[in-house]
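Asker: Starting from these lines, generate the structure:
(2 chains)
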Protein chains: 2
Amino acid sequence: MLFRVSELLLDRSRCSVAGTLAVVGEKWSLLVIREAFLGVRRFADLQRILGAPRAVLTDRLATLVEQGILHRVPYQAEGERQRHEYRLTQKGMDLYPTLVALMEWGDRYLDGSGAMDLHHRGCGAPVHLTLTCDDGHRLAGAREVTPVPR
Amino acid sequence: MLFRVSELLLDRSRCSVAGTLAVVGEKWSLLVIREAFLGVRRFADLQRILGAPRAVLTDRLATLVEQGILHRVPYQAEGERQRHEYRLTQKGMDLYPTLVALMEWGDRYLDGSGAMDLHHRGCGAPVHLTLTCDDGHRLAGAREVTPVPR
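Answerer: Model (predicted):
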């Protein structure tokens, strides 16, 4: 048993993994968020790039706005009616590590994947997600972690 | 535009986020993997804890085995027929940062969530996921990252 936690000690109904998946785990949601990070903000662009069914995309955007992950900002192209674009809130921006974690796993294990590298804007060095403890140790993985039920 | 990457420069068909979601993004898959990290390995236990429909759980386990994320190990309880339990491979273990990222976001933003804390087995200090660059800088978030198309 990797974690040696009695299943009885851990209240699954309060699990934050399940909670987060309930908010962003529907198909297309994390891809919409990916596009928001890439600066794609308008419905027509999202639909064209993602190829998601229009009704599904409408539903996902509404949910992400309702959850406070995206917010709607009005814009008006010349000669057109006013529309809204979708921008990440801080709550949405904080999903960045989730996207990077998914990306790093895919880069490592999926053939033909890996569209981009991430670099530190300040110094140019490659960026990675690391597990670190508050005493400054860098952990290799789950085996070095003990979960403590709250 | 957060990342200022022309959408034309980035080949979405090679996106590792989408690729990883295609493998583990189905409903229940990441929760099965969560349970595997918690040491829950047997079909009956998974079904009881997750409450997933039997056919769906069977399908998800088969996919995770096929993808090399779980492997099947035979076991035999006294007086019963031989069964299999499901254990994480290294490929599965490497999904740990994805689970921690989902967990940390839920801990921060979802009321009533947060079933456990993670501590470094070696020194006992709390463990967190951090974005760091190879020059040793710790990044606050996406705004400090530049994506470079490959």
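
Asker: Could you confirm whether the worst-scoring helix or strand of chain A on mean pLDDT reaches chain B?
Answerer: Within chain A, no helix or strand scores below strand A:145-149, which has a mean of 91 by mean pLDDT, DSSP states H and E. Yes: residues of strand A:145-149 contacting chain B under CB under 8 Å from any CB of the partner chain: A:145-149. Every residue, glycine included, has its C-beta placed from N, CA and C.

Asker: On the strand side of things, show who residue A:73 bridges to.
Answerer: Applying DSSP bridges to residue A:73 gives these bridge partners: residue A:85.

Asker: that older thread, quick one: the least confident helix or strand of chain A to chain centroid distance?
Answerer: Once both centres are worked out by CA atoms, centre = their mean, to the nearest Å, strand A:145-149 turns out to sit 24 Å from its chain's centre.

Asker: likewise stretch A:136-150?
Answerer: Its chain's average C-alpha position is 22 Å from that of stretch A:136-150, according to CA atoms, centre = their mean.

Asker: now do the same end-to-end measure for that stretch.
Answerer: End-to-end distance of stretch A:136-150: 23 Å, with CA to CA, to the nearest Å as the criterion.

Asker: Contacts made by it with the rest, please.
Answerer: Stretch A:136-150 is contacted by residues A:2-3, A:5, A:9-11, A:14, A:130-133, B:37-38, B:93-94, B:96, B:114-123, B:125, B:127 when judged by CB atoms under 8 Å, 6 or more residues apart in numbering or on different chains.

Asker: how about that stretch: buried residues?
Answerer: A:139, A:142, A:144-147 (16 or more other CB atoms under 10 Å in any protein chain shown).

Asker: Any chance of a PyMOL selection covering the buried ones in the contacts of stretch A:136-150?
Answerer: Listed next is the PyMOL selection for buried residues among the contacts of stretch A:136-150, using 16+ other CB under 10 Å:
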select buried, (chain A and resi 2+3+5+10+14+131+132+133) or (chain B and resi 37+38+93+94+96+114+115+116+118+119+120+127)
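
Asker: Residue A:80: neighbouring residues, count only.
Answerer: Residue A:80 has 8 neighbours, counted by other CB atoms under 10 Å in any protein chain shown.

Asker: Quick check: it is in a strand.
Answerer: No: membership of residue A:80 in a strand is not supported by DSSP: H, G, I helix; E, B strand; the rest coil, which gives coil.

Asker: Read off the pLDDT value for it.
Answerer: In the predicted model, residue A:80 carries a pLDDT score of 89.

Asker: Then residue A:125?
Answerer: Here, the pLDDT recorded for residue A:125 equals 97.

Asker: got a list of what it touches?
Answerer: Counting by CB under 8 Å, 6+ apart, residue A:125 makes contact with A:119, B:133-135, B:137.
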